[in-house]
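*Asks:* Requesting a structural model of the entry that follows:
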Amino acid sequence: MARAGITYSEVAKAAARLSAEGKNPTVDTVREALGGTGSKSTIAPMLKRWKTEHQEQVLAHDTGLPADLLQSVKGLYEHLQQEANLKVQAVQATMATTQREFAERLKTATETTAVLVKERDA
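*Replies:* Sure, this is the predicted structure:
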């Protein structure tokens, strides 16, 4: 009779516990936390799924920063990015206005030149 294998919830709990303890949840550390049970080929896809679902925790561990601090920095970055986008849009609007004014002045200068050339030739 085959024995029951490990479940995703067991892997997820072990990974969450390891992450909370400040340890990197790897296949080996999760297997150890499960008491040495489960094959690496069984744990690996479950751990990959957990890491995908808990990217903030994984990123916090990888950077060595607390998740709250990482979230604050991310919020600050997004705020600065929005401000920068607004400034870029304002500069682009100013540039478009300047280009229109320049095109009008160029058209006027071209027309004036054409009139002066006709006068000269006459």
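
*Asks:* Tell me which helix or strand in this protein has the weakest average pLDDT.
*Replies:* The helix or strand with the lowest mean pLDDT-type score in the chain, counting by mean pLDDT, DSSP states H and E, is helix 55-63 (a mean of 67).

*Asks:* Quick check: what element follows it along the chain?
*Replies:* Helices and strands here follow DSSP states H and E; after helix 55-63, the next one along the chain is helix 67-121.

*Asks:* what's that next one packed up against?
*Replies:* Packing contacts for helix 67-121, counted by 3 or more Cβ pairs under 8 Å, 6 or more residues apart in numbering; DSSP states H and E, involve helix 55-63. For every residue, glycine as well, the C-beta is placed using N, CA and C.

*Asks:* per-residue pLDDT, Glu101?
*Replies:* We have a pLDDT of 97 for Glu101.

*Asks:* Phi and psi next, for Thr7.
*Replies:* Comment: the main-chain dihedrals of Thr7 come out as phi -110, psi 170, following degrees, to the nearest 10.

*Asks:* ok, now how distant is it from Asp28?
*Replies:* Taking Cβ to Cβ, to the nearest Å as the measure, Thr7 falls 19 Å from Asp28.
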